[in-house]
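Trainee: return a 3D structure for these sequence lines:
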Amino acid sequence: MSCCTHCQATDKQFGHAKARRDLRRYHKKGPDKTTKMLLSAIRERGLSSATLLDVGAGVGVLHHELLGQEIVAATHVEPSSAYLGEARAETTRRGNSDRVTFVQGDFVEVAPQVADADLVTLDRVICCYPDYRGLLQAAGSKARRLCALSYPRDRWTVRLAVTIINLFLRLRGSAFRVFVHPSAAVDAAMRDLGFQPCSRETTVVWQALLYERRTD
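Mentor: So this is what the prediction gives:
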């Protein structure tokens with residue numbers, strides 16, 4: 001499956017009903033667990049007046065949470081038109097429309113049009129993209145200081161669960177697929193791009209890592 005085909009499938013998979021449901025859950029319960037882990041790690045780095053590039057940004061939880069003391073401006077990149085619409089409406093409701101730029105599309109394709117940022121985030125995004133190396137290359141090239149990732153742990157139980165999920169998607173006629181990319185390969189790719197890990201938290205299924213650009 002090509003990345004372009006997968007992004008088209010992503011737009012169909014993450015439709016209006018799911019986008020509205022995710023935004024309602026955020027209003028009721030706050031950020032998801034992986035997002036909370038990333039937020040905690042980011043805030044520990046002491047960012048101030050920084051810029052954010054959020055890849056696969058969903059309903060925009062990261063920039064909703066960070067705009068203010070840590071972040072002064074954000075770019076929101078999302079392949080799903082439904083999620084982009086909900087994120088834009090929520091941003092306007094919060095009075096931040098002048099501080100967020102919205103871009104729809106496959107990040108690897110639109111990255112040349114997107115400005116660099118102090119912080120780049122990919123929360124539950126690597127697992128939705130077949131070419132993780134290309135995705136990381138594009139993200140790393142835009143991150144001036146920090147790059148935050150969350151993605152599934154490379155364990156047999158997680159791989160089994162993902163296999164079942166993909167079978168269910170296939171039976172439903174969806175072209176969307178979920179991926180468990182090798183954790184060691186993801187880490188090696190980030191190190192090759194000039195980053196070193198400075199934080200890692202895990203749950204049974206997920207891992208959240210913050211990488212900082214090396215200065216040597």
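
Trainee: quick test: name the residue nearest the centre of the protein.
Mentor: Of all residues in the chain, the one closest to the mean position by CA atoms, centre = their mean is residue 122, 2.5 Å from it.

Trainee: what's opposite that residue in the beta bridge?
Mentor: residue 149 (DSSP bridges).

Trainee: same check on residue 78?
Mentor: In beta-bridge terms (that is, DSSP bridges), residue 78 pairs with residue 104.

Trainee: may I ask which helix or strand of this protein has the lowest mean pLDDT?
Mentor: Among the helices and strands of the chain, helix 3-13 carries the lowest confidence by mean pLDDT, DSSP states H and E, at a mean of 59.

Trainee: how near is residue 50 to residue 35?
Mentor: For residue 50, the distance to residue 35 (CB to CB, to the nearest Å) stands at 18 Å. Just so you know, the C-beta spots here come from the backbone N, C-alpha and C atoms, and that holds for glycine as well.

Trainee: apologies, that question was intended for residue 190.
Mentor: Using CB to CB, residue 190 is found at 20 Å from residue 35.

Trainee: got it, and residue 183?
Mentor: For residue 183, the distance to residue 35 under the criterion CB to CB works out to 19 Å.

Trainee: please enumerate the strands of the chain.
Mentor: For the chain, the strands identified by DSSP state E occupy 50-55, 71-78, 100-104, 117-123, 143-152, 195-202, 206-213, in order along the chain.

Trainee: buried set for the longest one?
Mentor: Right, strand 143-152. Applying a neighbour-count criterion of 16 or more other CB atoms under 10 Å, one finds 143, 145-152 buried in strand 143-152.

Trainee: now swap in the shortest one and tell me
Mentor: Along strand 100-104, the positions that meet the burial threshold by neighbour count (16+ other CB under 10 Å) are 100, 102-104.

Trainee: which residues are contacting that strand?
Mentor: Where contact means CB atoms under 8 Å, 6 or more residues apart in numbering, the residues beyond strand 100-104 that reach it are 60, 63, 67, 73-79, 81, 84, 87-88, 91, 110, 113-114.

Trainee: any low-confidence regions in the protein?
Mentor: Judged by pLDDT under 70, the chain has its weakly predicted residues at 1-15.

Trainee: how about residues contacting whichever helix in it runs longest?
Mentor: Of all the elements of type helix in the chain, the one with the most residues (DSSP state H) is helix 156-171. Outside of helix 156-171, the residues within contact range by CB under 8 Å, 6+ apart are 13, 127, 152, 176-180, 205.

Trainee: having no further points to raise, I will conclude here.
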